[in-house]
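*Asks:* Pasting the sequence and the predicted coordinates here, then a few questions.
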Amino acid sequence: MAVYHSEKEFLRSLKRFNALSSQQYEWHTGVSEKEHECAFGHRIPAENLYFKKPLDMEGERKVRVCRECMEKLVFITIDSDRHSKQLSERLFRERHPAQKKILKTVMR
Ligand SMILES: [Zn+2]
């Protein structure tokens with residue numbers, strides 16, 4: 001069951017989900033030649049897209065989540081209610097100020 005209607009919609013929410021983590025611990029996409037296990041117990045076959053997040057500064061410990069679980073995790077955390085949606089949007093904007101604002105400042 002796909003949670004999001006489009007890839008674009010999912011990626012938009014994923015960026016907001018990432019704004020909850022400190023920058024060095026953000027989620028990244030990964031594709032591996034090896035099989036991995038999703039943190040929720042699913043098999044991630046080799047060559048399949050999955051998501052990973054480092055758990056230490058050295059990046060030696062990682063948590064991996066399969067695509068289906070990531071969609072659910074992001075949806076439940078970010079898009080399941082108005083408050084979490086707005087809060088994550090605000091955190092995202094603080095980290096990535098809108099391009100327009102930068103241009104306005106430069107042109108002044
Ligand atoms: Zn999973």
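*Replies:* That came through, no problem. Numbers count the residues shown, from 1 in each chain.
*Asks:* list the contacts for the residue positioned nearest the centre of the chain?
*Replies:* For the chain, the residue nearest the mean C-alpha position is residue 14 (3.4 Å; C-alpha atoms, centre = their mean). Applying C-beta atoms under 8 Å, 6 or more residues apart in numbering to residue 14 gives the contacts 27, 70, 74. Any C-beta I mention is one placed from the backbone N, CA and C, and that applies to glycine too.
*Asks:* repeat for residue 28
*Replies:* 51-53.
*Asks:* among the contacts of residue 14, who's most crowded?
*Replies:* Within the contacts of residue 14, most neighbours by other C-beta atoms under 10 Å means residue 74, with 26 neighbours.
*Asks:* Correct me if wrong: that one contacts residue 15.
*Replies:* No. Judged on C-beta atoms under 8 Å, residue 74 makes no contact with residue 15 at a distance of 9.7 Å.
*Asks:* end to end, how far does stretch 21-28 reach?
*Replies:* Chord length of stretch 21-28, first to last residue, is 12 Å (C-alpha to C-alpha, to the nearest Å).
*Asks:* Pass me the low-pLDDT residue ranges in the protein, would you?
*Replies:* Counting by pLDDT under 70, the chain has low-confidence residues at 1-2, 100-108.
*Asks:* returning to that earlier point: filter the contacts of residue 14 down to just the ones in helices.
*Replies:* Using DSSP state H, the members of the contacts of residue 14 that fall in helices are 70, 74.
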